[in-house]
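Student: The sequence and its predicted three-dimensional model are supplied below.
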Amino acid sequence: MNISILGTGFAALTAVKQTRKANPNAEITVIAPNESFDYYPSLIWVPSGLRSGDDLRINLHNFFNRQKVQFIQASVENVTNGGRTVVTNEGEYQNDGLIIATGGRFIKKLPGIEHAITPCEGIDAAKRIKDRLDGMTGGTIAIGFGGNPKEPSAMRGGPMFEFLFGIDNLLRRQGRRDNFKLVFFNPAPEPGKRLGPKVPGNLVKMMAKKGIETHLGNKMVGFEENLVKTEGGEFEADLILFMPGMTGPAWLPNSELPKSEGGMIRADMHAKVEGYDNVYVVGDAGSFPGPEWQAKQAHAADLQATAAAKNLVKSLNGQTDFEEFKHELICIVDTLTHGILVKRTDKGTTLLPPCRLMHFAKRAFEWIYLRQYR
């Protein structure tokens, strides 16, 4: 049983663990550009110096050895032959079963978007934010996010709320908040609604309490070096942080794999790629059925990867009792000093007020999560 897993993000590493657990004797091959894992949830702490890039980048060599995984350093260029062949810049690799966890990419189509920093592009982007903040004596900081109108789940808004409140608290801690104007912008009139119906109102109240201005409900037009442009007007900004919507990986448009309208790989509730045998997709690369509030986040990716790994091994063993992955949204919106716990399931939403304990809970979770890969 030769199983290939593409990627080294949250979904891919969970798929490795669950595949090995389901079949101790399987040959597992991981294909990715780098033998490392970047812990993106803690990028929010880089601007304040609470975390550095070295804290968040984990070398996976020892983890792969423990899991008896063969690692191939290569970039995926296509999946062909019904999923049995992975085409890379280093050659072609065959498999009996495939789990695609290559992640997605941000839609960089807005004019002038090069003038904005996209925080979740990685450690280098977070360092750029820190350097820019350290070099500023005052001015306007604009923070916002967009979406993929053809793929409602393909947005990453939570981290932008964290950067917003984190920068506000950082500037207060430094005694220079009065020198800055913070503006939050979003094309939706109620940003954060995916987290629960009460969340947008609570977040806007928090912003108002902290003196953060809002520019909501206006479609984005583009950016200039010091300007945010929307259909409802434009405003000046000395630093712009913007998270655009997401679509599928760069290699996908040229692939024969089934694609959603938003440019992601279509899958069912078992995380199986539609029309393909023993091919699964998990995390940001996939488009899944489910509630309108489902989100692209690490916890969802882990749940999908767990189901995919179990189902793939069952399929290769001739079983048909496949599992559906669970729809669940859990996050702690961190403010650098406090944390707001949000949990959403089919039964409803739990929203806890800001609490210092939740900030330290998020830091503790990071330590526990990363420990298994060190």
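Tutor: Cool, the structure landed.
Student: how about the strands of the stretch 51-200 of the chain, start to end?
Tutor: In the stretch 51-200 of the chain, the strands defined using DSSP state E, counting those that start in this stretch lie at 57-59, 69-73, 76-80, 85-88, 91-94, 97-100, 105-106, 139-145, 180-186.
Student: Let me see the domain layout of this protein.
Tutor: 2-104+248-316, 108-246 (automatic domain parsing).
Student: Just put those in TSV and tack on mean neighbour count.
Tutor: C-beta: built from backbone N, CA, C; applies to glycine. Rendered in TSV, the data for those read as follows (neighbours: other Cβ atoms under 10 Å):
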stretch	mean neighbour count
domain 2-104+248-316	20
domain 108-246	18
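Student: picking that back up, can you list the strands of the stretch 51-200 of the chain in a markdown table and add mean pLDDT and distance to residue 31?
Tutor: Converted to a markdown table, the strands of the stretch 51-200 of the chain look like this (pLDDT from 0 to 100; distance: least, Cβ to Cβ, whole Å):
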| stretch | mean pLDDT | distance to residue 31 |
| --- | --- | --- |
| strand 57-59 | 97 | 17 |
| strand 69-73 | 98 | 5 |
| strand 76-80 | 97 | 6 |
| strand 85-88 | 98 | 6 |
| strand 91-94 | 98 | 6 |
| strand 97-100 | 98 | 10 |
| strand 105-106 | 95 | 17 |
| strand 139-145 | 97 | 30 |
| strand 180-186 | 97 | 36 |
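Student: right, and those strands - which one's nearest residue 241?
Tutor: For the strands of the stretch 51-200 of the chain, proximity to residue 241 was assessed by Cβ to Cβ; strand 139-145 is nearest, at 4.6 Å.
Student: residues making contact with the closest one?
Tutor: 155-157, 160, 163-164, 167, 179-186, 191, 215, 228, 235-244 (Cβ atoms under 8 Å, 6 or more residues apart in numbering).
Student: Then stretch 109-127?
Tutor: By Cβ under 8 Å, 6+ apart, the residues outside stretch 109-127 that reach it are 38, 40, 43-44, 46-47, 53, 56-57, 106, 108, 128-129, 132, 146, 156, 159-160, 163, 220-226, 229, 239-244.
Student: Just the CA coordinates for stretch 48-68, please, in CSV.
Tutor: C-alpha atoms of stretch 48-68 as CSV (Å, rounded to 0.1, in the frame of the first residue of the first chain):
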residue,chain,number,x,y,z
SER,A,48,5.0,42.4,19.1
GLY,A,49,8.1,40.2,19.4
LEU,A,50,6.2,37.6,21.4
ARG,A,51,7.2,35.1,18.7
SER,A,52,10.0,35.1,16.2
GLY,A,53,10.1,33.3,12.8
ASP,A,54,12.4,30.6,14.3
ASP,A,55,9.9,29.9,17.0
LEU,A,56,7.2,29.1,14.4
ARG,A,57,9.2,27.1,11.8
ILE,A,58,9.6,23.4,12.6
ASN,A,59,12.0,21.1,10.8
LEU,A,60,10.1,17.9,10.1
HIS,A,61,13.0,15.5,9.5
ASN,A,62,12.7,13.8,12.9
PHE,A,63,9.0,13.6,12.8
PHE,A,64,9.1,11.9,9.4
ASN,A,65,11.7,9.5,10.6
ARG,A,66,9.5,8.6,13.6
GLN,A,67,6.5,8.1,11.2
LYS,A,68,8.6,6.1,8.8
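Student: residues making contact with it?
Tutor: 8, 13, 16-17, 20, 28, 30, 35-40, 42-43, 45-46, 70-71, 123-124, 126-127, 130, 166, 170, 173, 336, 370, 372-374.
Student: I'd like to know which of these are part of helices.
Tutor: Secondary structure from DSSP state H places 13, 16-17, 20, 123-124, 126-127, 130, 166, 170, 173, 370 of these in helices.
Student: Among the residues you listed, which one lies nearest to residue 304?
Tutor: So of the ones in helices among the contacts of stretch 48-68, ranked by how close each gets to residue 304 (Cβ to Cβ), first place is residue 13, at 12.8 Å.
Student: Hmm, residue 369 and that closest one touching each other?
Tutor: No: the criterion here is Cβ atoms under 8 Å, and residue 13 misses it with residue 369 at 9.9 Å.
Student: Residue 262 and residue 147 touch, don't they?
Tutor: No: using Cβ under 8 Å, residue 262 is not in contact with residue 147, being 9.6 Å away.
Student: tell me, what's touching the two both at once?
Tutor: Residues touching both residue 262 and residue 147 (Cβ under 8 Å, 6+ apart) are residue 154.
Student: For the stretch 151-300 of the chain, which segments count as helices?
Tutor: For the stretch 151-300 of the chain, the helices defined by DSSP state H, counting those that start in this stretch cover 158-173, 199-209, 298-316.
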